[in-house]
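**Student:** Predicted model follows, preceded by the sequence.
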Amino acid sequence: MTQDPQRTSTLPSGSDIRLPWHLRLPAPLEREFVDYFRSNVARITPWATITLVSILALSVILELTVEPDLVTATWRPRLFCIMLAVATAVVAHRPDLRRWLHPMIILLAFAVAITGMWMGLSIDHPQAFLLFLQTPLAILVLGVLLRVPFLASALSTSAILALQALCTLAPNTLPLSQALTLLLFSLATGTMSLFGQYIYERLLRSHFLSEHVLYQHRAELHSANRVLESQATGDGLTGCLNRRGMESRLNDALHGRSRHAIDNVTVVLFDIDFFKQYNDTYGHLAGDECLKSVAGIPRGMAQGEADFVARYGGEEFLVVLANTSLKDALVFAERMRTRIEQLGLPHAGSRISQVVTISVGVASSLPGEKDVLALIKRADEALYQAKGAGRNCVAFMDELQRVQTL
Ligand SMILES: Nc1nc2c(ncn2[C@@H]2O[C@H](COP(=O)(O)OP(=O)(O)OP(=O)(O)O)[C@@H](O)[C@H]2O)c(=O)[nH]1
């Protein structure tokens, strides 16, 4: 039987977070949600503005066709509303002004409603009561065309409805039947608009929470991946790359996949002399400390952007120097050998010195060489020669692939 992945997953998905009936989230999330809400509204504002401006312009055209006299009294309030609608679109377009978007939408809705009521009351015409239809239009601006958060929308819609009731039900304004019809129409528009808006905002908030949770999962995964990657490619004791990390970086360098342009690569392979005896004399823990101190020297010296130090084996390290000639790499290797000797780490078990010393083998990549192992093998041959030559010295593979000791 196959298992439902959602049931087996222990990660919250965002959609399983229950929203309270009043929809408000904890304060920091609520602030983020308001920004998210605004940017959603900003995206639809140009189209909503075009719609509103078209409706207002069409009203003027309609009056011009049916009652040209009426237009002299209506075009100015309508132009004012059109200008406010354009200003709202400008505010939505400018991220630095966007915090004013919701107040602008509320202002626009009130302007549409109040100019309609003012025209309806002041114009002396048998059809003038129709100008009160701007009230439902204003309610739709708040909750459907542009949208402000539900609570602000509910308060503004109620205020607009109350204003309309005051204007139309006052004595000697409109016949009661007309006033009640208009009020009922506005009330129905307001109720439906708020109902739709509540559902919309619930969905938007759930979507926001899902995105938020997803973002957190992604960030956690990203950092877990980084930790895993550094554990997989790093050496916990010395902080150098481990062998796997070294092979991958060296491969990238030789195959031109590195972030930096690399023409040639020189590898400096070194090994601590008589390290087994060091462990036998001072113990394994002291051996670890010795490895850390020794590794610190090349790590401090290899400063090129594409250079790196890796722990190749137990007490064997490999320094990769990019775009470095063999001659310069030999200077580096000799300086490194000297500095490690100058650390003065006592080594009573060594047969060649009183202190910890290293033997070094150096080899450069051949033109077009891509084989990491072949390059390391040549450095290893040189290292073998350095050991044979008495240790605490540098040997290298020259251009003719002969091993020489410095
Ligand atoms: N303390 C410590 N010792 C390690 C670690 N890894 C490897 N070793 C020891 O390093 C020693 C390497 O010994 P050998 O390979 O014989 O090399 P050597 O004694 O340095 O001899 P030469 O290289 O010929 O000078 C072994 O005793 C390992 O146990 C480590 O992480 N910590």
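**Tutor:** That came through, no problem.
**Student:** for the record, mean pLDDT for the one helix or strand residue 381 maps to?
**Tutor:** Assigning secondary structure by DSSP states H and E places residue 381 in helix 372-388. Mean pLDDT, computed over helix 372-388, is 92.
**Student:** Summarise which helices and strands it is packed against.
**Tutor:** If you count contacts as 3 or more CB pairs under 8 Å, 6 or more residues apart in numbering; DSSP states H and E, helix 372-388 packs onto helix 243-254, strand 265-272, strand 358-364, strand 394-397, strand 403-405. In short, each C-beta sits where N, CA and C put it, glycine included.
**Student:** Now distance to residue 69 too, for those, in CSV please.
**Tutor:** Output for the helices and strands packed on helix 372-388, formatted as CSV (distance: least, CB to CB, whole Å):
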stretch, distance to residue 69
helix 243-254, 82
strand 265-272, 90
strand 358-364, 96
strand 394-397, 103
strand 403-405, 109
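**Student:** export the ones you listed to TSV and tack on mean pLDDT, mean neighbour count and distance to the ligand?
**Tutor:** TSV is the format used below for the helices and strands packed on helix 372-388 (pLDDT from 0 to 100; neighbours: other CB atoms under 10 Å; distance: least, CB to the nearest ligand atom, whole Å):
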stretch	mean pLDDT	mean neighbour count	distance to the ligand
helix 243-254	86	18	12
strand 265-272	94	26	5
strand 358-364	95	27	7
strand 394-397	94	26	14
strand 403-405	82	16	16
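**Student:** just so I know, which of the ones you listed lies nearest residue 61?
**Tutor:** Between residue 61 and the helices and strands packed on helix 372-388, the shortest gap by CB to CB is with helix 243-254, which sits at 68.6 Å.
**Student:** Helix or strand with the lowest mean pLDDT in the chain?
**Tutor:** helix 5-8 (a mean of 48; mean pLDDT, DSSP states H and E).
**Student:** can you give me how far the helix or strand just after that helix is from the chain middle?
**Tutor:** Beyond helix 5-8 on the C-terminal side, the first helix or strand identified by DSSP H and E is helix 27-66. Centroid separation for helix 27-66 versus its chain: 29 Å, with CA atoms, centre = their mean, to the nearest Å.
**Student:** which bits of the stretch 151-300 of the chain sit near the ligand?
**Tutor:** 237, 271-276, 279, 284, 287-288, 291 (CB under 6 Å from any ligand atom).
**Student:** 8 Å instead, please
**Tutor:** Within the stretch 151-300 of the chain, the positions adjacent to the ligand are 237, 271-280, 284-288, 290-291 by CB under 8 Å from any ligand atom.
**Student:** Select from those residues every entry located in strands.
**Tutor:** Members of those lying in strands (criterion: DSSP state E): 271-272.
**Student:** could you flag which of the residues of the stretch 151-300 of the chain next to the ligand are buried?
**Tutor:** 271-275, 278-279, 287, 290-291 (16 or more other CB atoms under 10 Å).
**Student:** Relative to residue 29, which of these is nearest.
**Tutor:** Top of the list for closeness to residue 29, among those and by CB to CB, is residue 291 at 48.9 Å.
**Student:** from what I can see that closest one touches residue 313, true?
**Tutor:** No. In this structure, residue 291 is not within contact of residue 313 by CB atoms under 8 Å, at 11.2 Å.
**Student:** Pull out the buried residues from stretch 160-180.
**Tutor:** Applying a neighbour-count criterion of 16+ other CB under 10 Å, one finds 160-161, 163-165, 167-168, 173-174, 179 buried in stretch 160-180.
**Student:** Tabulate these (a markdown table), appending secondary structure and pLDDT.
**Tutor:** Output for the buried residues of stretch 160-180, formatted as a markdown table (DSSP: H, G, I helix; E, B strand; the rest coil; pLDDT from 0 to 100):
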| residue | secondary structure | pLDDT |
| --- | --- | --- |
| 160 | helix | 97 |
| 161 | helix | 97 |
| 163 | helix | 97 |
| 164 | helix | 96 |
| 165 | helix | 96 |
| 167 | helix | 94 |
| 168 | helix | 93 |
| 173 | coil | 89 |
| 174 | coil | 91 |
| 179 | helix | 94 |
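**Student:** The ligand: which of the residues you listed is nearest?
**Tutor:** Comparing those against the ligand with CB to the nearest ligand atom places residue 160 closest, at 77.8 Å.
**Student:** How about the closest one, nearest residue that isn't a chain neighbour?
**Tutor:** Leaving out its chain neighbours, the residue that sits closest to residue 160 by CB to CB, 6 or more residues apart in numbering is residue 113, at 4.6 Å.
**Student:** now swap in residue 108 and tell me
**Tutor:** Distance criterion CB to CB, 6+ apart; nearest residue to residue 108, sequence neighbours excluded, is residue 84 at 4.8 Å.
**Student:** ok, the one you found to residue 115 distance?
**Tutor:** 10 Å (CB to CB, to the nearest Å).
**Student:** now do residue 49
**Tutor:** Going from residue 49 to residue 115 by CB to CB gives 17 Å.
**Student:** again with residue 402
**Tutor:** Using CB to CB, we find residue 402 at a distance of 97 Å from residue 115.
**Student:** Compare these two and say which is more crowded by neighbours.
**Tutor:** Comparing residue 402 with residue 115 by other CB atoms under 10 Å, the one with more neighbours is residue 115, at 22 against 8.
**Student:** my read: the more buried one touches residue 79, true?
**Tutor:** No. Taking contacts as CB under 8 Å, residue 115 lies outside contact range of residue 79: 10.0 Å.
**Student:** overlap in contacts of the two?
**Tutor:** Residues touching both residue 115 and residue 79 (CB atoms under 8 Å, 6 or more residues apart in numbering): none.
**Student:** In the stretch 51-200 of the chain, which residue sits nearest the ligand?
**Tutor:** Closest approach between the stretch 51-200 of the chain and the ligand, counting by CB to the nearest ligand atom: residue 95, at 55.1 Å.
**Student:** OK, contacts around residue 371?
**Tutor:** residue 254.
**Student:** measure it to the ligand for me?
**Tutor:** Noted for residue 371: a distance of 25 Å to the ligand, by CB to the nearest ligand atom, to the nearest Å.
**Student:** change the start of the numbering to 53 and stick with it
**Tutor:** Noted, 53 is the first residue going forward, which turns the last one into residue 423.
**Student:** Please, where are all the helices along the stretch 203-352 of the chain?
**Tutor:** Taking DSSP state H, counting those that start in this stretch as the criterion, the stretch 203-352 of the chain carries its helices at 228-285, 295-306, 327-334, 336-353.
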